[in-house]
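Visitor: Mind looking at a prediction? Sequence and model below.
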Amino acid sequence: MTRKRPEELRSHRWFGTDDIRAFGHRSRMLQMGLSESDFRGKPVIGIINTWSDLSPCHFHFKQRVEEVKRGVWQAGGFPVELPAHPVTEQYMKPTSMLYRNMLAMETEELARSQPCDGLVLLGGCDKTPPGLTMGAITAGLPFIFVPAGPMLRGNWRGKTLGSGSDTWKYHAELRAGRITEEAWKEMEGGIARSFGTCMTAGTAATMMLAVEAMGLTLPGASAIPAPDAAHPRMATDSGRRIVDMVWEDLTPAKMLSQGSVDNAVAAAMAFGGSTNAIPHLIAMARRAGLELDLERFHAISARVPLIADLRPNGTTYLMEDFFYAGGSRAFLERMREHLDLAAMTVTGRTMGEEIAGAEVYNDAVIRTLDNPLQANGGLTVLHGSLAPRGAVIKTSAADPRLLTHTGPAVVFEDYADLKKRLDDPDLEVTADSVLVLRQAGPQGGPGMPEWGMLPLPKKLLVQGVSDMVRISDARMSGTSYGTCVLHIAPESHIGGPLALVRSGDLISLDVPNRKLDLLVDAAELARRQAEWVQRPRRYTRGWTSLYLDQVTQADEGCDMAFLEGTAPSPEPDIY
Ligand code: FES
Ligand code: MG
């Protein structure tokens, strides 16, 4: 393998020349107490850190960044920490999704505008694996992803609690009067017991695994619990490895292939992963100039069995159990016949080489391919008069009885309308109704909030109703469950057919035939379309306004049109 010479490093243009600019660049390094031997002629490794005091999922990154640096120094590189937007799922309103593309843009520009030769990406909470990798793929420098890893299992009075899933479950129990306020309050202190990401098979676990399956982490990295001592060792190893990746010039363009993308989708499907993986992986693939659309997703989901028995698909296990059962390497080894084994990884070896021989220690958690939790990946892409450009449903989280269902719509104009009327005793709704939510798409939300698991009306909950058909242009949390049709495209805000539904209209969901239809005749729909007026725009300045101008629809990955594509951006001139 040919290795770069120090004069070929990108950072050489900043530090290695003998002009007035380099004088300034070097003198400012000395100002920070560094010696020329610390940085000159060495790969400069930008460590993009999404730590913040408002990101419990990334709370350990303040320490992990030091461990990454340790590895970089040891391997002869020069580490620099570059703080980036934390895009924290827990605190950002209206939704963190509104900021995924901002993180992508920030990552790209942090790398491009500064003397970086390679990157280490510290992320994990839902939007950060896609945001960081989208930006790093576009920046084009060698990079390695260090996943935050899941938190420990939750515990309440000796019962295991899972992030999100058990919040939804016990909140419904509370509303139905089956647990006390006091018990509910107690759970606050037990459901999140350590730093790290949600430990159900939610978006964070799905996306960290998908990034690993894409070859972008060290093998086995994505399932290590955040507080486990193996986690800082993995961080240090990642720091050591990136330095060699720079010398080897292992750029994303050389590494990523159609096989890498398909592997990410296959892993997410065998994992029973979050529906959020769909727009994220589509956006990531497009940044690499590779193919991924809803049909390809559906086709992979249809051929890959769901073998991870984790909540919310299963009833018992969490990510900690998954790690003890062998973790992500063993999981990928078990599904190897569904992977492109020739796809490259950050180690410079292939996926096939990296997973060979990894053992599963508990078949109840990571099942065998011939004894899956479900025969397919659990995601079905739907089309029909209500979703001309597609919609998705996570069948593994739905009530099988409802997968073929026709019922009258109960329409909510937006989330505020839903909150106002849902529990009204006079609301005309039965268990056969189809709950419809509008104004929850990429532009309508804005940012396509996770409102897709519409809560059930209280009067039905107390009757013991536990699931209903719900449809929207929203996303839903990977920890959610229920018969929820999501990501309807085009969205209601821009006049998609979802905008035309009226309460009482019949809606037909036919998952076996992949259909979602509004049973209203075409002439009537045309009449409604002619009368339809778009809601005025609430945001007229700033980031959100730019976002609204540029965001693409769910089937296209919700990237921003001006950030898409692989056209190279020029290297900055250094004067
Ligand atoms: Fe950060 Fe779930 S809130 S991973
Ligand atoms: Mg989530």
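Guide: Perfect, I can see it now. Ligands and ions are numbered 1, 2, ... in the order given.

Visitor: neighbours around the residue in the stretch 401-550 of the chain positioned nearest to ligand 2, how many?
Guide: Using C-beta to the ion, the single residue of the stretch 401-550 of the chain nearest to ligand 2 is residue 477, 4.4 Å away. C-betas here are computed from N, CA, C, even on glycine. Residue crowding around residue 477 was assessed by other C-beta atoms under 10 Å; the count is 26.

Visitor: Against residue 411, how distant is the residue nearest to residue 528 when sequence neighbours are not counted?
Guide: Using C-beta to C-beta, 6 or more residues apart in numbering and skipping residues adjacent in sequence, the residue nearest residue 528 is residue 500, 4.4 Å away. Separation of residue 500 from residue 411 (C-beta to C-beta, to the nearest Å): 10 Å.

Visitor: who's more crowded, those two?
Guide: The residue with more neighbours, out of residue 500 and residue 411, is residue 500; 22 against 17, by other C-beta under 10 Å.

Visitor: which ones are touching that one?
Guide: 518, 520, 525, 528-529, 532 (C-beta atoms under 8 Å, 6 or more residues apart in numbering).

Visitor: same deal with residue 338?
Guide: Residue 338 neighbours (C-beta under 8 Å, 6+ apart): 266, 270, 303-304.

Visitor: can you map out the strands along this structure?
Guide: Secondary structure of the chain (DSSP state E): strands at 44-49, 78-83, 118-123, 143-147, 154-156, 159-161, 379-384, 387-394, 404-412, 434-437, 469-472, 484-486, 506-510, 515-518.

Visitor: for the last one, packing partners?
Guide: Under the contact criterion of 3 or more C-beta pairs under 8 Å, 6 or more residues apart in numbering; DSSP states H and E, strand 515-518 touches strand 379-384, strand 506-510.

Visitor: again with the first one
Guide: For strand 44-49, the elements it packs on are helix 61-74, strand 78-83, helix 100-113, strand 118-123, helix 230-248, judged by 3+ C-beta pairs under 8 Å, 6+ apart.

Visitor: Mind putting the ones you listed into JSON lines with mean pLDDT and mean neighbour count?
Guide: Output for those, formatted as JSON lines (pLDDT from 0 to 100; neighbours: other C-beta atoms under 10 Å):
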{"stretch": "helix 61-74", "mean pLDDT": "98", "mean neighbour count": "21"}
{"stretch": "strand 78-83", "mean pLDDT": "98", "mean neighbour count": "19"}
{"stretch": "helix 100-113", "mean pLDDT": "98", "mean neighbour count": "22"}
{"stretch": "strand 118-123", "mean pLDDT": "98", "mean neighbour count": "29"}
{"stretch": "helix 230-248", "mean pLDDT": "98", "mean neighbour count": "22"}
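
Visitor: Relative to ligand 1, which of the ones you listed is closest?
Guide: Smallest distance to ligand 1 across these (C-beta to the nearest ligand atom): 10.1 Å, for strand 118-123.

Visitor: what's near enough to touch the residue lying closest to residue 206 once chain neighbours are set aside?
Guide: Among residues not flanking residue 206 along the chain, residue 273 sits closest, at 3.2 Å (C-beta to C-beta, 6+ apart). Residues in contact with residue 273 (C-beta under 8 Å, 6+ apart) are 201, 203, 205-206, 209-210, 267, 478.

Visitor: Just give me the closest of these to ligand 1.
Guide: When these are compared against ligand 1 (criterion: C-beta to the nearest ligand atom), the nearest one is residue 203, at 6.9 Å.

Visitor: just checking, which of the contacts of residue 500 belong to helices?
Guide: 525, 528-529 (DSSP state H).

Visitor: tally of neighbours for the residue of the stretch 51-200 of the chain found nearest ligand 2?
Guide: Scanning the stretch 51-200 of the chain for the residue nearest ligand 2 gives residue 126, at 4.6 Å (criterion: C-beta to the ion). Using other C-beta under 10 Å, the number of residues around residue 126 comes to 31.

Visitor: can you pull the contacts of the nearest residue to it once chain neighbours are set aside?
Guide: Closest residue to residue 126 apart from its sequence neighbours, by C-beta to C-beta, 6+ apart: residue 203 at 4.1 Å. With contact set as C-beta under 8 Å, 6+ apart, residue 203 has these partners: 89, 126, 273-274, 276-277, 477-479.

Visitor: can we see that at 6 Å?
Guide: When contacts are counted by C-beta atoms under 6 Å, 6 or more residues apart in numbering, residue 203 touches 126, 274, 276, 478.

Visitor: Which secondary structure element of the protein has the lowest mean pLDDT?
Guide: Lowest mean confidence among the helices and strands of the chain (mean pLDDT, DSSP states H and E): helix 165-175, at a mean of 90.

Visitor: Can you tell me what sits against that one?
Guide: Residues outside helix 165-175 that contact it (C-beta under 6 Å, 6+ apart): 179, 184, 200, 311-312, 458, 461, 479.

Visitor: TSV for those, including distance to residue 286, pLDDT and neighbour count?
Guide: What follows is the contacts of helix 165-175, written out as TSV (distance: C-beta to C-beta, whole Å; pLDDT from 0 to 100; neighbours: other C-beta atoms under 10 Å):
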residue	distance to residue 286	pLDDT	neighbour count
179	45	94	16
184	43	96	15
200	28	96	31
311	31	91	26
312	29	88	26
458	42	91	16
461	41	90	18
479	27	82	27
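
Visitor: which of the residues you listed lies closest to residue 41?
Guide: Among the contacts of helix 165-175, residue 200 lies closest to residue 41 (C-beta to C-beta), at 46.5 Å.

Visitor: Just the contacts of residue 273: which are in helices?
Guide: 203, 205-206, 209-210, 267.

Visitor: hmm, which two among the contacts of residue 338 are most spread apart?
Guide: Using C-beta to C-beta, the contacts of residue 338 span at most 10.2 Å, a distance reached by 270 and 303.

Visitor: where does the protein have low pLDDT?
Guide: Of all residues in the chain, none has pLDDT under 70.

Visitor: Flag every residue of it that's near ligand 1.
Guide: Selection of the chain residues close to ligand 1 by C-beta under 6 Å from any ligand atom yields 57, 89-90, 125-126, 163, 197-198, 202, 204.

Visitor: Out of the residues you listed, who's the most crowded?
Guide: Top of these by neighbour number is residue 204, holding 35 neighbours under the definition other C-beta under 10 Å.

Visitor: how close does that residue get to residue 210?
Guide: Per C-beta to C-beta, residue 204 is found 11 Å from residue 210.

Visitor: try residue 27
Guide: Residue 27 is 44 Å from residue 210, where distance means C-beta to C-beta.

Visitor: Could you check which of the two is surrounded by more residues?
Guide: Set side by side, residue 27 and residue 210 show more neighbours around residue 210, with 29 against 9, by other C-beta under 10 Å.

Visitor: Just name the closest of the contacts of helix 165-175 to ligand 1, please.
Guide: Of all the contacts of helix 165-175, ligand 1 sits closest to residue 479, with 7.6 Å by C-beta to the nearest ligand atom.

Visitor: so what's the closest residue to that closest one other than its chain neighbours up against?
Guide: Spatially, and ignoring its direct neighbours in sequence, residue 479 is nearest to residue 164 (2.6 Å; C-beta to C-beta, 6+ apart). With contacts defined as C-beta under 6 Å, 6+ apart, residue 164 is in contact with 198, 200, 202, 477, 479.
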